[in-house]
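Visitor: 3D, please:
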Amino acid sequence: MVKCKICDDEFDSEQSLHPHLRKHKIRIAEYYQKFFPRRDLFSGDLIKFKNKDYYFSTDFNSRPNMKKWLNEQSPEDAREYTKNLFQARVEKKKLKYSPTQVELRTVMFPPIQCLNLIHGNYYKFCSELNLENRFSDTLPLSKNCLSEKISKGHLISVDSREQRPLKLSHPIEVRTLKFGDYTLDNPEAASNCYIERKSLSDFIGTMSGGLDRFHKEIQKAEEAEAYVVVLVERNLNECSVFNRLPYVSKKIKATPEYIFRNVREIIQKYKSVQFLFVKGRKEASEITKKILFSKGKCRDIDLQLAYDLKLL
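Guide: Okay, the predicted model is just below:
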């Protein structure tokens, strides 16, 4: 049973309580902030209310506040706080794999480079929490990782249904691909890696109305032992607040929270897919070539982390 803090009426669930709050002319956010106040550990301000789950699981209103607070803590306290933060999420979300950079940057968690400073080695830290590491801590997918032989010896295959193909400055062939938008004419030369290119609007549509279809595509790729990199030609910061961007249609009802919850669930469900957000089509073109000519090294590194560290 749930009791209203204003009038003491009892309800079977919070879903029943929330409509009742209209009777008291108080918004859900105001109700929780008044009767269950939670404050930013750094600034002391009330935690912003997005939804009840977010409100009770978040200790900061912004990532800079989290970073400043962690910097003020002793090394032991910073390790203890982040360990408890991870353990709570692992248990709540039943995580199997160590969270990727995309997962961490789309919830109020420190990014991997920060956790490396706190714990020494992020992947070792995750192993101690009984999480499976999909990636190694060998990051660069730099020029010396690229195979000139593969680059010169193969065409890039572009799916015939690709409506706005990238300008790749490399010989291409157009054919129908079973999944993805780009691979090599002999996919084995790219270790069966495929690029699924997405504009911001494509990405939003796929992670909302097109979600079931996308799951089927990834399942088909897994059956073929393929690896899919979902390459979004917009940076992660902008994608995380797309509902505030002037060039995004106001008709879109999906929220960033909903979209990235789906992204995180996909990452945890499928070992053969990862997401990478970059700044524009020009970078997407260059990174597509790097991934396809890297002899499958994209399977072993967190591409978003490498990109954030300017190692991609």
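Visitor: Could I get the full set of strands for this structure?
Guide: Ranges of strands in the chain, per DSSP state E, are 2-3, 10-11, 156-159, 172-175, 182-184, 193-198, 227-232, 273-277.
Visitor: Indicate which one of those strands is closest to residue 35.
Guide: Relative to residue 35, the nearest member of the strands of the chain by C-beta to C-beta is strand 2-3, separated by 10.6 Å. Using the backbone N, CA and C atoms, a C-beta is placed for each residue, glycine as well.
Visitor: who does that closest one pair up with?
Guide: strand 10-11 (antiparallel) (DSSP bridges).
Visitor: Outline the domain layout of the chain.
Guide: The record's domain parsing of the chain by automatic domain parsing lists 73-128, 143-308.
Visitor: and the ones you listed as CSV, adding mean pLDDT and distance to residue 32?
Guide: Shown next, in CSV, are these (pLDDT from 0 to 100; distance: least, C-beta to C-beta, whole Å):
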stretch, mean pLDDT, distance to residue 32
domain 73-128, 96, 17
domain 143-308, 92, 17
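Visitor: what's around the spatially closest residue to residue 306 that is not a sequence neighbour, how many residues?
Guide: With sequence-adjacent residues excluded and distances taken as C-beta to C-beta, 6 or more residues apart in numbering, residue 306 is closest to residue 312, at 4.1 Å. Look at residue 312: counted by other C-beta atoms under 10 Å, it has 23 neighbours.
Visitor: My read is that residue 312 contacts residue 290, right?
Guide: Yes: if you go by C-beta atoms under 8 Å, residue 312 and residue 290 touch, sitting 6.8 Å apart.
Visitor: mind listing the helices for the stretch 101-250 of the chain?
Guide: Taking DSSP state H, counting those that start in this stretch, the helices of the stretch 101-250 of the chain run over residues 101-105, 112-119, 122-128, 148-153, 200-206, 211-223, 236-240.
Visitor: Residue 185: which of these is closest?
Guide: helix 148-153 (9.4 Å).
Visitor: Let me see the contact set for residue 48.
Guide: 55, 61 (C-beta atoms under 8 Å, 6 or more residues apart in numbering).
Visitor: Repeat that for residue 13.
Guide: With the criterion set at C-beta under 8 Å, 6+ apart, residue 13 makes contact with residue 2.
Visitor: mind checking how far it is from residue 109?
Guide: 29 Å (C-beta to C-beta, to the nearest Å).
Visitor: Also residue 8?
Guide: Taken as C-beta to C-beta, the span from residue 8 to residue 109 is 37 Å.
Visitor: Quick check on these two: which one has the bigger neighbour count.
Guide: Neighbours around residue 8 and residue 109, counted as other C-beta under 10 Å, are more numerous at residue 109. The numbers are 18 against 7.
Visitor: ok, the more buried one touching residue 81?
Guide: No: applying C-beta under 8 Å, one finds residue 109 not in contact with residue 81, separated by 11.1 Å.
Visitor: Tell me the residues that contact both of those two, please.
Guide: With C-beta under 8 Å, 6+ apart as the test, residue 109 and residue 81 reach no residue in common.
Visitor: Relative to residue 196, how far out is the closest residue in space to residue 109 that isn't next to it in sequence?
Guide: Leaving aside its sequence neighbours, residue 109 sits nearest to residue 85 (C-beta to C-beta, 6+ apart; 6.6 Å). In this view, residue 85 and residue 196 are 31 Å apart by C-beta to C-beta.
Visitor: Any idea how far apart the tips of stretch 97-104 sit?
Guide: Using C-alpha to C-alpha, to the nearest Å, the end-to-end distance of stretch 97-104 comes to 12 Å.
Visitor: Please enumerate residues in contact with that stretch?
Guide: Against stretch 97-104 from outside (C-beta under 8 Å, 6+ apart): 89, 109-112, 115, 122-123, 126-127, 131-135, 236, 263-264, 267-268, 271, 274-277, 302, 304-305, 308.
Visitor: gap between it and the chain center?
Guide: Relative to its chain's centre, stretch 97-104 lies at 7 Å (C-alpha atoms, centre = their mean, to the nearest Å).
Visitor: Go through that stretch and flag the buried ones.
Guide: Within stretch 97-104, the residues scored as buried using 16 or more other C-beta atoms under 10 Å are 97, 98, 99, 100, 101, 102, 103, 104.
Visitor: Which residue, neighbours along the chain excluded, lies closest to residue 59?
Guide: Nearest to residue 59 is residue 41, by C-beta to C-beta, 6+ apart, at 4.9 Å.
Visitor: Pretty sure that neighbour sits against residue 69.
Guide: Yes: if you go by C-beta under 8 Å, residue 41 and residue 69 touch, sitting 5.1 Å apart.
Visitor: Spit out the residues that contact the two alike.
Guide: Counting by C-beta under 8 Å, 6+ apart, the contacts common to residue 41 and residue 69 are residue 60.
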